[in-house]
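Asks: Provide a 3D model corresponding to the input given below.
(4 chains)
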2 protein chains.
Amino acid sequence: MNNDKKRLLAKVAYLYFIEDYTQAEISKELNIYRTTISRMLKQAKDLGIVSIKINDFDTDLFDLELTLKEKFQLKNILIIPSYPKESNKSKDQRLSLAAALYLKRIIKPKDIVGFAWGSILVGMIGQLQNPVKTDATFVPLVGGPSPSNSQYHVNGIVYDAARQFGGKSLFVDAAAVQESKYIRDGIINSQYFSDIRRLWAHLDIAFVGIGGPLTNSASRWRDLLTDEDRELLRERQAIGDCCCTFFDRHGKILTGSLLNRTIAVPLDNLRQVSNTVGVARSLTKAPSIKALLAMGILNTLITDEETANRILEIS
Amino acid sequence: MNNDKKRLLAKVAYLYFIEDYTQAEISKELNIYRTTISRMLKQAKDLGIVSIKINDFDTDLFDLELTLKEKFQLKNILIIPSYPKESNKSKDQRLSLAAALYLKRIIKPKDIVGFAWGSILVGMIGQLQNPVKTDATFVPLVGGPSPSNSQYHVNGIVYDAARQFGGKSLFVDAAAVQESKYIRDGIINSQYFSDIRRLWAHLDIAFVGIGGPLTNSASRWRDLLTDEDRELLRERQAIGDCCCTFFDRHGKILTGSLLNRTIAVPLDNLRQVSNTVGVARSLTKAPSIKALLAMGILNTLITDEETANRILEIS
DNA sequence: TAAATGTTGGCACTTTTGTGCAAAATAAGG
DNA sequence: CCTTATTTTGCACAAAAGTGCCAACATTTA
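Replies: Got it, this is the predicted structure:
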């Protein structure tokens, strides 16, 4: 490749990219056949004579999305940037907002949308603004919290969602964890619960939070757990939960007494849902998130940069 | 323009320009209508989110070409870069090469090609390599130099050109300046000269050098001038010559005794030629070149950067 | 100088992009 | 909550760009 040739390529590239000539115009101007111009432009790109830079674009973030999407076979992923020295509250807020926008974007008129518990999900509902009016149905995916936390009741989430999106919502009249398998089964099989069960089988969208380890948890529903429950979870090395269902680091669901007493959509159900969206962030939750991703239950993840990086590190 | 929006534009631009997605693919990936993607890309360019740089391309040089081309209504222009500290010999050589390549590019099988005198033109012939074989006719545009400079005879140029391009050449058997108008007219009207005169009327291409001021001239033909000629030229403020025809700074051709004794194509003839190519460089010649350009006789200029800049400065 | 190798021209045809316009959706104010 | 801008969608159509192919040409190499 001699120098004159290179200069010619550069000239063509200049006319095309900077002066916005069409290839036909360049062809005419330089008396070179148009298709040759097309090929020259390709060559100029290949040779690095043309360098295109995208400003305001965090390539790392995008690569992170691609990598995680690939690694965990996700259908969608959304990673919001992390800014240094930002408070957790603010980080959570931005994550909620991102989740809210995402829901607004994917919801369709007659969708059946399930919500589980999670502080991000609560925050998310507060950030929906001017959502499209739909005829969607909003349904809880888990039972409620203990009576002392009633202001964070999952019913509140679906109710607000329905109010804002204009559809209808179903309530769940039971706490997430019951005293015995017998009662749990009774509720689940009861007449009034059958609507919810049916909807669980036909979910279009499911939004779930992800709970971190037991130890450093500020969870609003885990006060439902008995001391024996906690003991058992420790013993079996529970690493986190989703929809009140605990699992260990290997993505093994911890079955047993607790799960039998729990009112929640079975995680396996979520595999059939076309949009199963996990929303969570924080370094302490990263292992839980990773384990859950590995289970292949979610097909969409919404998190932030630092969390995503951590997930990748420990994978 | 909020930040999220900007990030989206950047993402689209990234996928398009860096990852070579088509707009349709991006549209599918992001669930945004294709035409919107097209518009987003335009916006991203407008906002400077996409910045495209052409390496190895001297924008100044190109602008210089455009400006001069415009200013002097040229059909074509070729400005080669000037490198600092390069010797004049080397600069001349590069210019000759550029001119040679240019001729190779524009010559057509049956063209009639005229050559005038000029060191660059001599150098140019030496740098033709593997030219296309043509059936062209090469003809001198001026008479020869004085007998003492016979190795630089214009006949040599056309002869070599014909040898290399494979066509035929005509010789001129007279010096450029004769002793009297009477002799000049006699030669021009002679039988053997009629071929040349006819070709002069049907030139397809004319390559001419441009001579600078009398004072600092190393010209190889000006020894034909008499003292009176020189005196007159000084008096009438000759600024340079082309095809042995002198003109002043205003582009006025200096008629009179000298011109009447000169054997050369009339400059006005060159206006009809579809490619009248002037090849010259150097700061001292800039005023001559400028004056000649202003006359509108050339339609193509081949020069170098420093000369072009000077021409522009004094315009 | 002849054969081999690479480049451009020329053409038909496909794919990709750009654009104008009206309808629908979204955002912004009052 | 309703009204009014501003965007986005959706579509049809026009313009521009890309591709495969082959022949002509040019450049290297043997």
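Asks: which helix or which strand is home to the spatially closest residue to A:A294 that is not a sequence neighbour?
Replies: With sequence-adjacent residues excluded and distances taken as Cβ to Cβ, 6 or more residues apart in numbering or on different chains, A:A294 is closest to A:G251, at 4.5 Å. For glycine as for every other residue, the C-beta is placed from the backbone atoms N, C-alpha and C. Using DSSP states H and E, A:G251 sits within no helix or strand.
Asks: the one 4 residues further on now?
Replies: Using DSSP H and E, A:T255 sits within no helix or strand.
Asks: relative to DNA strand D, how far out is it?
Replies: 44 Å (Cβ to the nearest atom of the strand, to the nearest Å).
Asks: so what's the nearest residue to A:D268 once chain neighbours are set aside up against?
Replies: Leaving aside its sequence neighbours, A:D268 sits nearest to A:I297 (Cβ to Cβ, 6+ apart; 7.6 Å). Each residue near A:I297 by Cβ atoms under 8 Å, 6 or more residues apart in numbering or on different chains is listed here: A:C242, A:L267, A:D268, A:L270, A:R271, A:T276.
Asks: quick check: which element contains A:I297?
Replies: Per DSSP H and E, there is no helix or strand for A:I297.
Asks: what score does it have for pLDDT?
Replies: A:I297 is assigned a pLDDT of 94 by the prediction.
Asks: quick check: phi and psi on it?
Replies: Phi and psi for A:I297, reported as degrees, to the nearest 10, are phi -90, psi -40.
Asks: follow-up on the earlier one: how many neighbours does the residue nearest to A:A294 have?
Replies: For A:G251, the count of nearby residues is 15 (other Cβ atoms under 10 Å in any protein chain shown).
Asks: any quick PyMOL command for the buried ones out of the contacts of A:I297?
Replies: A single PyMOL command selects the buried members of the contacts of A:I297 (16 or more other Cβ atoms under 10 Å in any protein chain shown):
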select buried, chain A and resi 242+267+270+276
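Asks: in strands, which of the contacts of A:I297 appear?
Replies: Of the contacts of A:I297, the ones assigned to strands by DSSP state E are A:C242, A:T276.
Asks: out of the contacts of A:I297, which comes closest to A:T22?
Replies: For the contacts of A:I297, the minimum distance to A:T22 (Cβ to Cβ) is 46.6 Å, reached by A:T276.
Asks: any idea how far DNA strand D is from the closest one?
Replies: 23 Å.
Asks: same question, A:R234
Replies: A:R234 is 49 Å from DNA strand D, by Cβ to the nearest atom of the strand.
Asks: how's chain A carved up into domains?
Replies: Per automatic domain parsing, the domain ranges recorded for chain A read A:3-46, A:59-313.
Asks: just those domains: most buried one?
Replies: For those, the largest average neighbour count (mean count of other Cβ atoms under 10 Å in any protein chain shown) is found in domain A:59-313, namely a mean of 19.
Asks: ends of that one, how far apart?
Replies: By Cα to Cα, to the nearest Å, the extent of domain A:59-313 from end to end equals 18 Å.
Asks: what about it, distance to the chain center?
Replies: Centroid separation for domain A:59-313 versus its chain: 9 Å, with Cα atoms, centre = their mean, to the nearest Å.
Asks: quick one: residues contacting A:P140.
Replies: Residues in contact with A:P140 (Cβ under 8 Å, 6+ apart) are A:G114, A:F115, A:A116, A:V154, A:N155, A:I157, A:V158, A:L170, A:F171, A:V172, A:I196.
Asks: can you pull the contacts of the closest residue to A:A136 other than its chain neighbours?
Replies: Of all residues not flanking A:A136 in the chain, A:G167 sits nearest, at 3.8 Å (Cβ to Cβ, 6+ apart). Listed by Cβ under 8 Å, 6+ apart, the contact partners of A:G167 are A:T134, A:D135, A:A136, A:T137, A:F138, A:A161.
Asks: what are the phi and psi values for the fourth one?
Replies: So the one you mean is A:T137. Backbone dihedrals for A:T137, given as degrees, to the nearest 10, come out at phi -120, psi 130.
Asks: okay, and the beta partners of it?
Replies: Counting by DSSP bridges, A:T137 is bridged to A:I112, A:K168.
Asks: let me see the mean pLDDT of stretch A:236-246.
Replies: Rounded mean pLDDT across stretch A:236-246 is 92.
Asks: go on, stretch A:173-187?
Replies: What stretch A:173-187 shows for mean pLDDT is 91.
Asks: chain B contacts on the stretch 1-150 of chain A?
Replies: Neighbours of chain B within the stretch 1-150 of chain A, by Cβ under 8 Å from any Cβ of the partner chain: A:4, A:6-7, A:10-11, A:13-14, A:17-18, A:48-57, A:59, A:62, A:101, A:105.
Asks: how about the residue in the stretch 51-200 of chain A that DNA strand C sits nearest to, phi and psi?
Replies: Here the stretch 51-200 of chain A gets closest to DNA strand C at one residue, A:V132, 3.6 Å apart by Cβ to the nearest atom of the strand. Main-chain torsions, A:V132, degrees, to the nearest 10: phi -60, psi 150.
Asks: please name the residues that touch it.
Replies: Counting by Cβ under 8 Å, 6+ apart, A:V132 touches A:K104, A:I107, A:F165.
Asks: mind checking how far the closest residue to A:L224 other than its chain neighbours is from A:G118?
Replies: Closest residue in space to A:L224, ignoring its immediate chain neighbours: A:V177 at 4.0 Å, by Cβ to Cβ, 6+ apart. Remark: distance between A:V177 and A:G118 (Cβ to Cβ, to the nearest Å) = 16 Å.
Asks: same check on A:D195?
Replies: 23 Å.
Asks: ok, now A:P109?
Replies: 26 Å.
Asks: one more: A:I112?
Replies: Distance of A:I112 to A:G118, given as Cβ to Cβ: 19 Å.
Asks: ok, then the element right after the lowest-mean-pLDDT helix or strand in chain A?
Replies: Scoring the helices and strands of chain A by mean pLDDT, DSSP states H and E places helix A:3-13 at the bottom, with a mean of 81. Next helix or strand after helix A:3-13 toward the C-terminus (DSSP H and E): helix A:23-30.
Asks: A:A136 is in contact with A:I106, isn't it?
Replies: No - at 11.2 Å, A:A136 and A:I106 do not qualify as touching, with contact defined as Cβ atoms under 8 Å.
Asks: quick check, pLDDT for A:N149.
Replies: You'll see A:N149 listed with a pLDDT of 64.
Asks: and the strands in the stretch 151-300 of chain A?
Replies: For the stretch 151-300 of chain A, the strands defined by DSSP state E, counting those that start in this stretch cover A:168-169, A:205-209, A:238-242, A:245-248, A:275-279, A:300-304.
Asks: the third one - contacts with which helices or strands?
Replies: Of the remaining helices and strands, those touching strand A:238-242 by 3 or more Cβ pairs under 8 Å, 6 or more residues apart in numbering or on different chains; DSSP states H and E are strand A:245-248, helix A:286-295.
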